[in-house]
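S.K.: Just the structure for this:
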Amino acid sequence: MVTPVNSTGTTATQMTQAQSVGKDQFLRLFLTQLQNQNPLEPMQDRDFLMQLAQFTQVENTEEVARALQNLQTLAHTTQATNLLGKRVVALREGDSAPVEGVVSAVRFSSDGAWLKVGNDDVRVDNVLQVSP
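M.R.: Next up is the predicted model:
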């Protein structure tokens, strides 16, 4: 018996989007601050460098989030292709009646990996049981 794997793709995507918005907001605030600083008391060099370091940290965090998203996609791809030719019991999307049969094909779309079980398409996340 295999426990369904909950997808975190949405969460990772939301995290990447939030970081992208954070980066854009940071740049806008930083430029506004530079444009509106007092010319008689300009920003100190150390303050300027600290803000640039923070910006670099935001960019690095965004790159890590992208790498994690790619790793998750690879894991889902591997999981789905490993089910080819195996007998599964799975739930149809929005249906509580299980489908049972041999996985004959795998399809990937923007909303995840799908398995062809008989005449039905089921999400990899909805697999309840796998048999050889």
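S.K.: so where's the longest helix in this protein?
M.R.: In the chain, assigned by DSSP state H, the helix with the most residues is helix 45-82.
S.K.: What residues sit buried inside that helix?
M.R.: In terms of neighbour count (16 or more other Cβ atoms under 10 Å), helix 45-82 has its buried residues at 51, 58, 62, 65, 69, 72, 76, 79-80. Any C-beta I mention is one placed from the backbone N, CA and C, and that applies to glycine too.
S.K.: tell me the residue furthest from the middle of this protein?
M.R.: Leu40 (47.0 Å; Cα atoms, centre = their mean).
S.K.: what sits against Val26?
M.R.: Residue 26: Phe, not Val. By Cβ atoms under 8 Å, 6 or more residues apart in numbering, the residues touching Phe26 are 54-55, 58.
S.K.: With distance to Ala113 added, can I get the residues you listed in a markdown table?
M.R.: Conversion of these to a markdown table gives the following (distance: Cβ to Cβ, whole Å):
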| residue | distance to Ala113 |
| --- | --- |
| Gln54 | 37 |
| Phe55 | 36 |
| Val58 | 31 |
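S.K.: about what we covered before: next, the residue farthest from the centre of the chain: secondary structure please.
M.R.: Following DSSP: H, G, I helix; E, B strand; the rest coil, Leu40 is assigned to coil.
S.K.: and it, how far is that from Ser96?
M.R.: 71 Å (Cβ to Cβ, to the nearest Å).
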